[in-house]
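Participant: task: produce atomic coordinates for the following.
(one chain, ligands or ions: 2)
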Amino acid sequence: MVHEAQGQMVQEVAAGGLPAPPSRYVLKEEHRPTSTGGTAAPELLAFPTVDVQRLGEPGDVEETGKLRSALSSWGLFKVTGHGMPTALLDGIRDAGMEFFHLPPEEKLRHANRTEDGEFQPEGYGIDRVDTDEQVLDWCDRLYLTVQPEEERRMQFWPAPLAPLLHEYTQGSEQVARRVLRGMARALGFGEEFFLGHVGERGGTGARFTYYPPCPRPDLVYGLKPHTDNSVVTVLLLDRDVGGLQVLLRGEGGDGGRWVDVPVLGRDELLVVVGEVVEITSNAAFRAPTHRVVASGRERMSLSVFYQPEPYRDLGPAEELVGDDHPAMYRKLKAKTFADGFLDAFALGERTIDFLKVGRQQELQEAAGVV
Ligand SMILES: O=C(O)CCC(=O)C(=O)O
Ligand SMILES: [Fe+2]
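Facilitator: Ligands and ions are numbered 1, 2, ... in the order given. Model prediction:
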């Protein structure tokens, strides 16, 4: 059954000039970004930066140290030294924005709905709507499969954007590879440790997200809190408009607090650790919970998600499991995990929790902690 809200783009709602978002987008009071915080990080917590050029140099120790510290604190960091030209980064940002500025009928030629109105993940539209209770995010999106290359469905790719996305994802793949090699070194493993778990023919998906201006940003989420279901995500943020926030967990095991990710330099990228690394590293590196708050200005981002080969077994690496380090996650197929994302996301859960991959509860019970 297709939900009647599935065909309603947020951009069209915003263009209607309502004084406040319709009730479908309005969060319960206790979930509203204004009641749950969102502050600039204190100076002590300088935003982590990793130069991937230096990270790739033989014998590098310093950048690997910075990466290790970023991974154990924020779980995301900005990247310099990737070598992609500014013109390419600006070009893809502009082409993405131009797509969302096209008339509705042009955009709908790439719609993420079949002729029967059925949702399918690829193409242009809103996220999957399952129930009346689901509070909708204040964003529209364009999701495209980039790799394996022979699985690209070019009917979904807006023509002006296609060559830019191809070139950009070649560059972002090198970023992901360097980061995964650095992560392996940070844990004391050989460089190919994480890449070996991903395989040569992993999947890559690109998601352009458009957040229209919102008349009451205090009432909605641009994008609800979530963790990425990827190995890592490479993000190209809006040049001017912020809104991304990350949940920083306190020492005392409290719920954490929401901190703004700053607007980055126009040449800088952001890398976010995904749940696959959390599982494989047996929680040595955790996927950060993040969200986007809306604002009175339009904003666009491009997320590129890296996934392992679908038939791979996903689970904590044997080297990281021992008597004093029990496996925190159970094994499952990479495809099962990737497919679980949309169900989990619609419910606002982590894929790890939705598919009951995490064993923390079980282990704590066995140890008599809870
Ligand atoms: O728009 C952003 O800044 C973040 C997007 C994001 O978290 C995602 O696509 O998973
Ligand atoms: Fe995300």
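Participant: what helix or strand is the residue most central in space within the chain located in?
Facilitator: Here the mean C-alpha position of the chain is nearest to the C-alpha of D228 (CA atoms, centre = their mean), at a distance of 4.3 Å. In the assignment (DSSP states H and E), D228 maps to no helix and no strand.
Participant: for V292, which non-adjacent residue is spatially closest?
Facilitator: Leaving aside its sequence neighbours, V292 sits nearest to G222 (CB to CB, 6 or more residues apart in numbering; 3.5 Å). Just so you know, the C-beta spots here come from the backbone N, C-alpha and C atoms, and that holds for glycine as well.
Participant: for V231, give me its contacts.
Facilitator: With contact set as CB atoms under 8 Å, 6 or more residues apart in numbering, V231 has these partners: 176, 180, 194, 198, 202, 274, 276-277, 306-308.
Participant: same question, E63
Facilitator: 50-51, 54-55, 57, 182.
Participant: enumerate the residues of the chain near ligand 1.
Facilitator: 207, 209, 223, 228, 235, 237, 244, 290, 292, 301, 303 (CB under 6 Å from any ligand atom).
Participant: sheet partners, orientation included, of the host helix or strand of the second one?
Facilitator: Meaning T209. Element membership of T209 [criterion: DSSP H and E] is strand 203-211. With DSSP bridges as the test, strand 203-211 is paired with strand 140-147 (antiparallel), strand 299-307 (antiparallel).
Participant: now, of the contacts of E63, which are buried?
Facilitator: 50-51, 54-55, 182 (16 or more other CB atoms under 10 Å).
Participant: from these, which land in helices?
Facilitator: Taking DSSP state H as the definition of helices, the buried ones among the contacts of E63 contribute 54-55, 182.
Participant: let's have the residues you listed in CSV, adding pLDDT.
Facilitator: As requested, these are arranged in CSV below (pLDDT from 0 to 100):
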residue, pLDDT
R54, 97
L55, 95
G182, 96
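Participant: which one of the residues you listed is nearest to R113?
Facilitator: G182 (40.2 Å; CB to CB).
Participant: which one of the ones in helices among the buried ones among the contacts of E63 is nearest S73?
Facilitator: Nearest to S73 among these, counting by CB to CB, is G182 at 15.6 Å.
Participant: please name the residues that touch the closest one.
Facilitator: Counting by CB under 8 Å, 6+ apart, G182 has contacts 50, 52, 55-56, 63-64, 67.
Participant: per-residue confidence at the residue nearest to E118 when sequence neighbours are not counted?
Facilitator: Leaving out its chain neighbours, the residue that sits closest to E118 by CB to CB, 6+ apart is V2, at 5.9 Å. According to the prediction, V2 has pLDDT 79.
Participant: what does P42 give?
Facilitator: For P42, pLDDT reads 71.
Participant: give me the neighbour count for it.
Facilitator: Look at P42: counted by other CB atoms under 10 Å, it has 8 neighbours.
Participant: so how far is R291 from it?
Facilitator: As judged by CB to CB, to the nearest Å, P42 and R291 stand 20 Å apart.
Participant: same thing with L161?
Facilitator: Distance, L161 to R291, by CB to CB: 26 Å.
Participant: L187: what's it in contact with?
Facilitator: 193, 281, 284, 320.
Participant: if we can go back for a sec, which of the contacts of V231 sits closest to ligand 1?
Facilitator: Distance to ligand 1 across those (CB to the nearest ligand atom) is lowest for G274, with 9.4 Å.
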